[in-house]
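**Q** here is my input; please provide its structure:
(one chain, ligands or ions: 1)
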Amino acid sequence: MNYLTNDKLVIVGAGGMIGSNMVQSVLMLGLTPNVCLYDIYEPGVHGVFDEIQQCAFPGANVTYYAPAVEDMGNPEKVAEAAKKAFTGAKYIISSGGAPRKAGMTREDLLKGNCKIAADFGDNIKKYCPDVEHVVVIFNPADVTALTTLIHSGLKPNQLTSLAALDSTRLQQALALEFGVQQDKVTGAHTYGGHGEQMAVFASQVKVDGKPLAEMGLSDERWQEIKHITVQGGSNIIKLRGRSSFQSPAYNAVKMIEAAMGGEKFTLPAGCYADIPELGFKDVMMALPTTIDKSGVHYTVPTGTKEEMADLQKSYEHLCNMRQEVIDLGIIPPINEWNKMNPNLK
Ligand SMILES: NC(=O)c1ccc[n+]([C@@H]2O[C@H](COP(=O)([O-])OP(=O)(O)OC[C@H]3O[C@@H](n4cnc5c(N)ncnc54)[C@H](O)[C@@H]3O)[C@@H](O)[C@H]2O)c1
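**A** Model (predicted):
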(Lines give C-alpha, C1' and ligand atoms only; values in the text may rest on other atoms or scores of the structure.)
Protein backbone atom coordinates (compact mmCIF):
# COMPACT_ATOMS: atom_id res chain seq x y z
CA MET A 1 0.00 0.00 0.00
CA ASN A 2 1.25 3.50 -0.85
CA TYR A 3 1.11 5.99 2.00
CA LEU A 4 1.23 9.78 1.70
CA THR A 5 4.06 10.00 4.25
CA ASN A 6 5.90 7.81 6.75
CA ASP A 7 5.82 10.47 9.47
CA LYS A 8 4.50 9.56 12.90
CA LEU A 9 0.90 10.55 13.55
CA VAL A 10 -0.36 10.46 17.13
CA ILE A 11 -4.07 10.13 17.79
CA VAL A 12 -4.91 11.31 21.30
CA GLY A 13 -8.16 9.96 22.74
CA ALA A 14 -7.76 6.99 20.40
CA GLY A 15 -9.80 4.75 22.70
CA GLY A 16 -12.88 6.91 22.20
CA MET A 17 -15.48 7.08 19.47
CA ILE A 18 -13.92 9.84 17.37
CA GLY A 19 -10.39 8.62 18.03
CA SER A 20 -11.07 5.03 17.00
CA ASN A 21 -12.85 6.18 13.83
CA MET A 22 -9.88 8.41 13.03
CA VAL A 23 -7.40 5.55 13.31
CA GLN A 24 -9.44 3.56 10.83
CA SER A 25 -9.91 6.51 8.44
CA VAL A 26 -6.18 7.35 8.48
CA LEU A 27 -5.27 3.82 7.44
CA MET A 28 -8.10 3.47 4.91
CA LEU A 29 -7.09 6.75 3.27
CA GLY A 30 -3.41 5.71 3.30
CA LEU A 31 -2.05 8.77 5.12
CA THR A 32 0.78 7.13 7.07
CA PRO A 33 1.51 3.60 8.27
CA ASN A 34 3.00 4.96 11.51
CA VAL A 35 -0.01 5.62 13.69
CA CYS A 36 0.40 5.88 17.45
CA LEU A 37 -2.67 5.59 19.66
CA TYR A 38 -2.69 7.36 23.02
CA ASP A 39 -5.37 7.47 25.71
CA ILE A 40 -5.59 7.61 29.49
CA TYR A 41 -8.05 4.70 29.53
CA GLU A 42 -6.12 1.50 28.82
CA PRO A 43 -8.93 -0.99 28.11
CA GLY A 44 -10.51 1.33 25.55
CA VAL A 45 -7.36 2.06 23.57
CA HIS A 46 -6.14 -1.52 23.93
CA GLY A 47 -9.40 -2.68 22.34
CA VAL A 48 -9.03 -0.21 19.48
CA PHE A 49 -5.44 -1.37 18.93
CA ASP A 50 -6.55 -5.00 18.75
CA GLU A 51 -9.40 -4.21 16.36
CA ILE A 52 -7.16 -2.17 14.06
CA GLN A 53 -4.52 -4.90 13.99
CA GLN A 54 -7.27 -7.36 13.18
CA CYS A 55 -8.21 -5.22 10.17
CA ALA A 56 -4.74 -6.23 8.88
CA PHE A 57 -4.03 -3.03 6.94
CA PRO A 58 -1.05 -3.79 4.67
CA GLY A 59 2.15 -2.08 5.86
CA ALA A 60 0.55 -0.58 8.98
CA ASN A 61 2.77 -0.01 12.01
CA VAL A 62 0.30 0.75 14.79
CA THR A 63 1.42 1.29 18.39
CA TYR A 64 -0.46 2.27 21.52
CA TYR A 65 0.40 3.83 24.85
CA ALA A 66 -1.67 4.27 28.01
CA PRO A 67 -0.98 3.89 31.70
CA ALA A 68 -1.51 0.25 32.77
CA VAL A 69 -4.96 -0.46 34.25
CA GLU A 70 -3.58 -0.49 37.82
CA ASP A 71 -1.81 2.86 37.15
CA MET A 72 -4.72 4.72 35.57
CA GLY A 73 -5.06 8.13 37.19
CA ASN A 74 -1.49 8.05 38.54
CA PRO A 75 0.00 11.30 37.13
CA GLU A 76 3.55 9.91 36.87
CA LYS A 77 2.44 6.86 34.93
CA VAL A 78 0.20 8.99 32.71
CA ALA A 79 3.19 11.25 31.99
CA GLU A 80 5.37 8.22 31.14
CA ALA A 81 2.81 6.96 28.63
CA ALA A 82 2.41 10.45 27.14
CA LYS A 83 6.18 10.80 26.74
CA LYS A 84 6.40 7.54 24.81
CA ALA A 85 3.44 8.46 22.61
CA PHE A 86 4.38 12.07 21.82
CA THR A 87 8.11 11.62 21.26
CA GLY A 88 8.91 11.99 17.56
CA ALA A 89 5.37 12.97 16.53
CA LYS A 90 5.13 14.99 13.32
CA TYR A 91 1.36 15.21 13.28
CA ILE A 92 -1.20 14.98 16.07
CA ILE A 93 -4.98 14.94 16.19
CA SER A 94 -6.62 15.06 19.59
CA SER A 95 -10.16 14.13 20.54
CA GLY A 96 -8.92 13.26 24.03
CA GLY A 97 -11.43 14.95 26.29
CA ALA A 98 -14.93 14.51 27.68
CA PRO A 99 -17.87 14.61 25.25
CA ARG A 100 -21.18 16.42 25.69
CA LYS A 101 -24.11 14.58 27.20
CA ALA A 102 -27.77 15.35 26.49
CA GLY A 103 -28.68 18.83 27.71
CA MET A 104 -25.08 20.04 27.94
CA THR A 105 -23.64 22.77 25.73
CA ARG A 106 -20.09 22.62 24.43
CA GLU A 107 -19.29 25.45 26.83
CA ASP A 108 -20.31 23.32 29.85
CA LEU A 109 -17.25 21.24 29.15
CA LEU A 110 -14.94 24.23 29.37
CA LYS A 111 -13.14 23.79 32.67
CA GLY A 112 -12.23 20.10 32.56
CA ASN A 113 -11.32 20.04 28.91
CA CYS A 114 -9.24 23.24 29.04
CA LYS A 115 -7.13 21.70 31.82
CA ILE A 116 -6.61 18.68 29.56
CA ALA A 117 -5.70 21.08 26.73
CA ALA A 118 -3.06 22.79 28.89
CA ASP A 119 -1.42 19.40 29.65
CA PHE A 120 -1.69 18.46 25.99
CA GLY A 121 0.12 21.66 24.96
CA ASP A 122 2.80 21.08 27.63
CA ASN A 123 3.38 17.56 26.30
CA ILE A 124 3.84 18.90 22.77
CA LYS A 125 6.40 21.44 24.01
CA LYS A 126 8.29 18.81 26.03
CA TYR A 127 8.22 15.80 23.76
CA CYS A 128 7.63 16.87 20.14
CA PRO A 129 8.44 20.57 19.63
CA ASP A 130 9.20 19.72 15.97
CA VAL A 131 5.65 18.61 15.27
CA GLU A 132 4.40 19.96 11.94
CA HIS A 133 0.67 20.30 12.56
CA VAL A 134 -1.86 19.66 15.32
CA VAL A 135 -5.64 19.41 15.00
CA VAL A 136 -7.72 19.88 18.14
CA ILE A 137 -11.22 18.43 18.27
CA PHE A 138 -12.33 18.23 21.90
CA ASN A 139 -14.86 20.83 22.96
CA PRO A 140 -15.27 23.71 23.38
CA ALA A 141 -12.82 23.39 20.50
CA ASP A 142 -12.11 27.12 20.02
CA VAL A 143 -10.85 27.53 23.58
CA THR A 144 -9.24 24.10 24.03
CA ALA A 145 -7.31 24.82 20.81
CA LEU A 146 -6.33 28.29 22.03
CA THR A 147 -5.17 26.81 25.36
CA THR A 148 -3.16 24.14 23.53
CA LEU A 149 -1.59 26.75 21.25
CA ILE A 150 -0.48 28.94 24.16
CA HIS A 151 0.98 26.01 26.12
CA SER A 152 2.59 24.24 23.14
CA GLY A 153 4.79 27.09 21.89
CA LEU A 154 3.78 26.29 18.31
CA LYS A 155 3.33 28.90 15.58
CA PRO A 156 -0.29 29.90 14.99
CA ASN A 157 -0.35 28.38 11.50
CA GLN A 158 0.63 24.95 12.93
CA LEU A 159 -2.51 24.40 14.96
CA THR A 160 -6.15 24.27 13.91
CA SER A 161 -9.41 23.23 15.48
CA LEU A 162 -12.19 21.24 13.90
CA ALA A 163 -14.95 23.67 13.00
CA ALA A 164 -16.11 22.33 9.64
CA LEU A 165 -19.16 20.40 10.82
CA ASP A 166 -21.27 23.51 11.25
CA SER A 167 -20.69 24.24 7.56
CA THR A 168 -21.36 20.69 6.42
CA ARG A 169 -24.57 20.73 8.49
CA LEU A 170 -25.67 23.94 6.74
CA GLN A 171 -24.78 22.40 3.39
CA GLN A 172 -26.81 19.28 4.23
CA ALA A 173 -29.85 21.29 5.36
CA LEU A 174 -29.84 23.37 2.16
CA ALA A 175 -29.37 20.32 -0.07
CA LEU A 176 -32.36 18.65 1.60
CA GLU A 177 -34.39 21.85 1.30
CA PHE A 178 -33.86 22.15 -2.44
CA GLY A 179 -33.63 18.44 -3.24
CA VAL A 180 -30.16 18.65 -4.79
CA GLN A 181 -27.07 16.51 -4.36
CA GLN A 182 -25.20 17.82 -1.33
CA ASP A 183 -22.05 18.94 -3.15
CA LYS A 184 -24.17 21.11 -5.49
CA VAL A 185 -24.52 23.47 -2.51
CA THR A 186 -21.36 25.58 -2.38
CA GLY A 187 -20.19 28.40 -0.11
CA ALA A 188 -22.33 27.21 2.82
CA HIS A 189 -20.07 28.38 5.62
CA THR A 190 -20.27 29.30 9.27
CA TYR A 191 -17.61 31.41 10.93
CA GLY A 192 -16.69 32.48 14.43
CA GLY A 193 -17.21 30.10 17.33
CA HIS A 194 -17.95 26.39 17.05
CA GLY A 195 -20.76 26.73 19.55
CA GLU A 196 -24.28 27.98 19.70
CA GLN A 197 -23.03 31.50 18.96
CA MET A 198 -21.68 30.60 15.51
CA ALA A 199 -22.33 33.02 12.63
CA VAL A 200 -24.15 31.36 9.74
CA PHE A 201 -23.39 33.02 6.39
CA ALA A 202 -25.88 32.86 3.51
CA SER A 203 -24.58 35.51 1.15
CA GLN A 204 -22.01 33.31 -0.62
CA VAL A 205 -24.17 30.20 -0.88
CA LYS A 206 -25.00 28.86 -4.32
CA VAL A 207 -27.41 26.03 -5.04
CA ASP A 208 -26.51 24.26 -8.25
CA GLY A 209 -24.70 27.44 -9.35
CA LYS A 210 -27.56 29.81 -8.47
CA PRO A 211 -27.22 32.33 -5.60
CA LEU A 212 -29.32 31.39 -2.57
CA ALA A 213 -30.94 34.84 -2.71
CA GLU A 214 -32.55 33.82 -6.03
CA MET A 215 -33.92 30.52 -4.70
CA GLY A 216 -37.10 31.99 -3.21
CA LEU A 217 -36.34 30.94 0.37
CA SER A 218 -38.50 32.85 2.86
CA ASP A 219 -36.80 34.60 5.73
CA GLU A 220 -38.81 32.44 8.12
CA ARG A 221 -37.54 29.24 6.50
CA TRP A 222 -33.97 30.58 6.46
CA GLN A 223 -34.22 31.18 10.20
CA GLU A 224 -35.35 27.55 10.62
CA ILE A 225 -32.42 26.32 8.54
CA LYS A 226 -30.07 28.37 10.66
CA HIS A 227 -31.58 26.78 13.75
CA ILE A 228 -31.18 23.27 12.27
CA THR A 229 -27.52 24.10 11.55
CA VAL A 230 -26.78 25.42 15.02
CA GLN A 231 -28.57 22.47 16.66
CA GLY A 232 -26.98 19.91 14.31
CA GLY A 233 -24.71 18.45 17.01
CA SER A 234 -27.46 18.29 19.66
CA ASN A 235 -29.71 16.60 17.15
CA ILE A 236 -27.20 13.78 16.67
CA ILE A 237 -27.12 13.34 20.46
CA LYS A 238 -30.93 13.09 20.45
CA LEU A 239 -31.00 10.60 17.58
CA ARG A 240 -28.07 8.40 18.54
CA GLY A 241 -27.89 8.92 22.28
CA ARG A 242 -24.31 10.16 22.01
CA SER A 243 -22.23 12.94 20.56
CA SER A 244 -21.37 12.77 16.82
CA PHE A 245 -18.26 10.81 15.91
CA GLN A 246 -18.21 9.80 12.23
CA SER A 247 -18.28 13.31 10.76
CA PRO A 248 -15.73 14.79 13.21
CA ALA A 249 -13.40 11.84 12.67
CA TYR A 250 -13.52 12.06 8.88
CA ASN A 251 -13.13 15.84 8.68
CA ALA A 252 -10.29 16.00 11.21
CA VAL A 253 -8.44 13.32 9.28
CA LYS A 254 -8.96 15.31 6.04
CA MET A 255 -7.45 18.34 7.82
CA ILE A 256 -4.32 16.43 8.79
CA GLU A 257 -4.12 14.87 5.32
CA ALA A 258 -3.92 18.42 3.91
CA ALA A 259 -1.21 19.36 6.41
CA MET A 260 0.73 16.27 5.30
CA GLY A 261 0.70 17.59 1.72
CA GLY A 262 -2.36 15.71 0.46
CA GLU A 263 -5.58 17.19 -0.89
CA LYS A 264 -6.03 20.77 0.40
CA PHE A 265 -8.69 21.28 3.05
CA THR A 266 -10.95 24.20 2.20
CA LEU A 267 -13.84 24.03 4.65
CA PRO A 268 -13.60 26.54 7.52
CA ALA A 269 -11.10 25.56 10.21
CA GLY A 270 -10.59 27.18 13.59
CA CYS A 271 -7.40 29.22 13.51
CA TYR A 272 -5.64 31.94 15.47
CA ALA A 273 -7.15 35.19 14.25
CA ASP A 274 -5.33 38.46 13.90
CA ILE A 275 -7.63 40.66 11.79
CA PRO A 276 -7.11 44.34 12.68
CA GLU A 277 -9.72 45.53 10.16
CA LEU A 278 -12.43 43.65 12.06
CA GLY A 279 -10.86 44.15 15.49
CA PHE A 280 -10.43 40.37 15.99
CA LYS A 281 -7.37 39.14 17.86
CA ASP A 282 -6.14 36.68 20.50
CA VAL A 283 -8.83 34.06 19.80
CA MET A 284 -9.16 30.93 17.74
CA MET A 285 -12.19 31.06 15.47
CA ALA A 286 -13.55 29.55 12.27
CA LEU A 287 -12.58 31.62 9.25
CA PRO A 288 -12.37 31.05 5.49
CA THR A 289 -9.27 28.85 5.49
CA THR A 290 -7.10 26.56 3.44
CA ILE A 291 -4.86 23.96 5.04
CA ASP A 292 -1.90 22.76 2.99
CA LYS A 293 1.62 21.46 3.63
CA SER A 294 2.69 24.88 4.89
CA GLY A 295 -0.06 25.05 7.52
CA VAL A 296 -3.30 26.98 7.75
CA HIS A 297 -3.97 30.21 5.84
CA TYR A 298 -7.03 32.38 6.30
CA THR A 299 -8.74 35.22 4.50
CA VAL A 300 -10.95 37.92 5.98
CA PRO A 301 -14.63 36.88 5.92
CA THR A 302 -17.03 39.11 4.03
CA GLY A 303 -20.80 39.18 4.25
CA THR A 304 -23.90 41.29 4.72
CA LYS A 305 -24.23 43.76 7.56
CA GLU A 306 -26.25 41.26 9.61
CA GLU A 307 -23.79 38.42 8.96
CA MET A 308 -20.88 40.58 10.06
CA ALA A 309 -22.84 41.68 13.15
CA ASP A 310 -23.45 37.99 14.00
CA LEU A 311 -19.74 37.34 13.56
CA GLN A 312 -18.92 40.22 15.89
CA LYS A 313 -21.27 38.72 18.51
CA SER A 314 -19.66 35.33 18.08
CA TYR A 315 -16.21 36.90 18.55
CA GLU A 316 -17.37 38.58 21.77
CA HIS A 317 -18.65 35.25 23.05
CA LEU A 318 -15.24 33.70 22.35
CA CYS A 319 -13.55 36.57 24.23
CA ASN A 320 -15.82 35.85 27.23
CA MET A 321 -14.93 32.15 27.19
CA ARG A 322 -11.24 33.08 26.88
CA GLN A 323 -11.63 35.27 29.96
CA GLU A 324 -13.14 32.35 31.89
CA VAL A 325 -10.08 30.23 31.08
CA ILE A 326 -7.81 33.09 32.19
CA ASP A 327 -9.80 33.49 35.42
CA LEU A 328 -9.45 29.76 36.08
CA GLY A 329 -5.66 30.22 35.86
CA ILE A 330 -5.36 27.70 33.00
CA ILE A 331 -3.89 30.29 30.62
CA PRO A 332 -2.10 33.51 31.62
CA PRO A 333 -3.49 36.98 30.91
CA ILE A 334 -3.12 37.92 27.23
CA ASN A 335 -0.15 40.25 27.75
CA GLU A 336 1.83 37.30 29.20
CA TRP A 337 1.10 34.76 26.48
CA ASN A 338 4.37 35.39 24.71
CA LYS A 339 6.35 34.29 27.77
CA MET A 340 4.79 30.87 27.35
CA ASN A 341 4.72 30.98 23.56
CA PRO A 342 7.13 33.46 21.91
CA ASN A 343 5.29 32.93 18.59
CA LEU A 344 2.31 34.87 19.98
CA LYS A 345 2.80 38.62 19.91
N1 LIG B 1 -15.06 19.91 17.20
C2 LIG B 1 -16.09 19.18 16.83
O3 LIG B 1 -16.71 19.42 15.78
C4 LIG B 1 -16.56 18.04 17.69
C5 LIG B 1 -17.59 17.20 17.25
C6 LIG B 1 -17.98 16.13 18.05
C7 LIG B 1 -17.36 15.91 19.28
N8 LIG B 1 -16.39 16.77 19.68
C9 LIG B 1 -15.68 16.58 20.98
O10 LIG B 1 -14.67 15.59 20.84
C11 LIG B 1 -14.36 15.03 22.12
C12 LIG B 1 -14.29 13.51 22.06
O13 LIG B 1 -15.55 12.96 21.72
P14 LIG B 1 -15.76 11.36 21.67
O15 LIG B 1 -17.15 11.16 21.22
O16 LIG B 1 -14.66 10.71 20.93
O17 LIG B 1 -15.66 11.02 23.23
P18 LIG B 1 -15.27 9.62 23.89
O19 LIG B 1 -15.60 9.74 25.34
O20 LIG B 1 -15.83 8.48 23.12
O21 LIG B 1 -13.69 9.59 23.73
C22 LIG B 1 -12.83 10.47 24.39
C23 LIG B 1 -11.57 9.70 24.72
O24 LIG B 1 -10.63 10.63 25.24
C25 LIG B 1 -9.96 9.98 26.30
N26 LIG B 1 -9.37 10.99 27.16
C27 LIG B 1 -9.97 11.75 28.11
N28 LIG B 1 -9.07 12.56 28.69
C29 LIG B 1 -7.88 12.33 28.07
C30 LIG B 1 -6.58 12.85 28.23
N31 LIG B 1 -6.30 13.77 29.14
N32 LIG B 1 -5.59 12.38 27.42
C33 LIG B 1 -5.86 11.43 26.51
N34 LIG B 1 -7.06 10.89 26.31
C35 LIG B 1 -8.07 11.34 27.10
C36 LIG B 1 -11.02 9.13 26.98
O37 LIG B 1 -10.43 8.10 27.78
C38 LIG B 1 -11.79 8.60 25.78
O39 LIG B 1 -11.25 7.37 25.31
C40 LIG B 1 -15.44 15.59 23.06
O41 LIG B 1 -14.93 16.69 23.79
C42 LIG B 1 -16.53 16.06 22.12
O43 LIG B 1 -17.32 17.07 22.68
C44 LIG B 1 -15.97 17.80 18.92
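
**Q** list the contacts for whichever residue of the stretch 201-345 of the chain sits closest to the ligand?
**A** Ranked by C-beta to the nearest ligand atom, the top residue of the stretch 201-345 of the chain for proximity to the ligand is Pro248, at 3.8 Å. No exception for glycine: its C-beta is placed from N, CA and C like everyone else's. By C-beta atoms under 8 Å, 6 or more residues apart in numbering, Pro248 lies in contact with 18, 95, 137, 162, 165.

**Q** neighbours of the second one, how many?
**A** Just to be clear, that refers to Ser95. Neighbour count of Ser95, defined by other C-beta atoms under 10 Å: 28.

**Q** re earlier: and the gap between the residue of the stretch 201-345 of the chain closest to the ligand and Ser94?
**A** 12 Å (C-beta to C-beta, to the nearest Å).

**Q** so what sits against both of those two?
**A** Ile137.

**Q** near the ligand, which residues of the protein?
**A** The chain has residues 12-13, 15-19, 39-41, 44, 95-100, 109, 113, 116, 137-139, 141, 162, 165, 194, 243-245, 248 near the ligand, with proximity defined as C-beta under 6 Å from any ligand atom.

**Q** so which of these sit within strands?
**A** Assigned to strands by DSSP state E, the following of these qualify: Val12.

**Q** please pick the buried ones from the residues of the chain next to the ligand.
**A** The neighbour count (16 or more other C-beta atoms under 10 Å) marks 12-13, 15-19, 39-41, 44, 95-100, 109, 113, 116, 137-139, 141, 162, 165, 194, 243-245, 248 as buried among these.

**Q** and these, which of them are in helices?
**A** 17-19, 44, 113, 116, 141, 165, 248 (DSSP state H).

**Q** those strands in the stretch 151-300 of the chain, which residues are they?
**A** Here the stretch 151-300 of the chain has its strands, by DSSP state E, counting those that start in this stretch, at 159-161, 185-186, 189-191, 199-201, 206-207, 210-211, 269-275, 280-287, 289-292, 295-298.

**Q** remind me what the fourth one packs against, helices and strands.
**A** Looking back up the chat, that one is strand 199-201. The contact analysis (3 or more C-beta pairs under 8 Å, 6 or more residues apart in numbering; DSSP states H and E) places strand 199-201 against strand 189-191, helix 219-230, helix 305-327.

**Q** buried residues, the last one. List them.
**A** Judged by neighbour count using 16+ other C-beta under 10 Å, the buried positions of helix 305-327 are 307-308, 310-311, 314-315, 317-318, 321-322, 325.

**Q** stretch 211-226 too?
**A** Judged by neighbour count using 16+ other C-beta under 10 Å, the buried positions of stretch 211-226 are 212, 217, 222, 225-226.

**Q** any chance of the residues you listed in CSV, with pLDDT too?
**A** Listed next are those as CSV, based on pLDDT from 0 to 100:
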residue, pLDDT
Leu212, 97
Leu217, 96
Trp222, 97
Ile225, 97
Lys226, 95
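
**Q** just put these in TSV and tack on distance to Ala258.
**A** What follows is these, written out as TSV (distance: C-beta to C-beta, whole Å):
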residue	distance to Ala258
Leu212	27
Leu217	32
Trp222	31
Ile225	28
Lys226	28
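
**Q** I'd say Ala89 and Val131 touch.
**A** Yes: with contact defined as C-beta atoms under 8 Å, Ala89 reaches Val131; the gap is 5.3 Å.

**Q** so which of the helices and strands packed on strand 199-201 gets nearest Ala81?
**A** helix 305-327 (25.8 Å; C-beta to C-beta).

**Q** who does the closest one touch, helix- and strand-wise?
**A** Looks like helix 305-327 contacts helix 110-127, helix 141-152, strand 199-201, strand 280-287 (3+ C-beta pairs under 8 Å, 6+ apart).

**Q** mind listing residues that contact it?
**A** 107, 110, 114, 140, 142-143, 146-147, 191-193, 195, 197-203, 278-280, 282-285, 301-303, 331-334.

**Q** list buried residues within those residues.
**A** Counted by 16+ other C-beta under 10 Å, those give 107, 110, 114, 140, 142-143, 146-147, 191-193, 195, 197-202, 280, 282-285, 301, 303, 331 as buried.

**Q** which stretches of the stretch 51-200 of the chain have low pLDDT?
**A** For the stretch 51-200 of the chain, the stretches with pLDDT under 70 are 106.

**Q** one more time with 90
**A** 73, 98-109, 194-197 (pLDDT under 90).

**Q** give me the residue from it nearest the ligand.
**A** For the stretch 51-200 of the chain, C-beta to the nearest ligand atom, closest residue to the ligand: Gly96, 2.9 Å.

**Q** what values do phi and psi take at that residue?
**A** phi -80, psi 90 (degrees, to the nearest 10).

**Q** distance of it from Lys206?
**A** Gly96 sits 38 Å away from Lys206, going by C-beta to C-beta.

**Q** ok, Asp183 to Thr168 distance?
**A** From Asp183 to Thr168 the distance is 10 Å (C-beta to C-beta).
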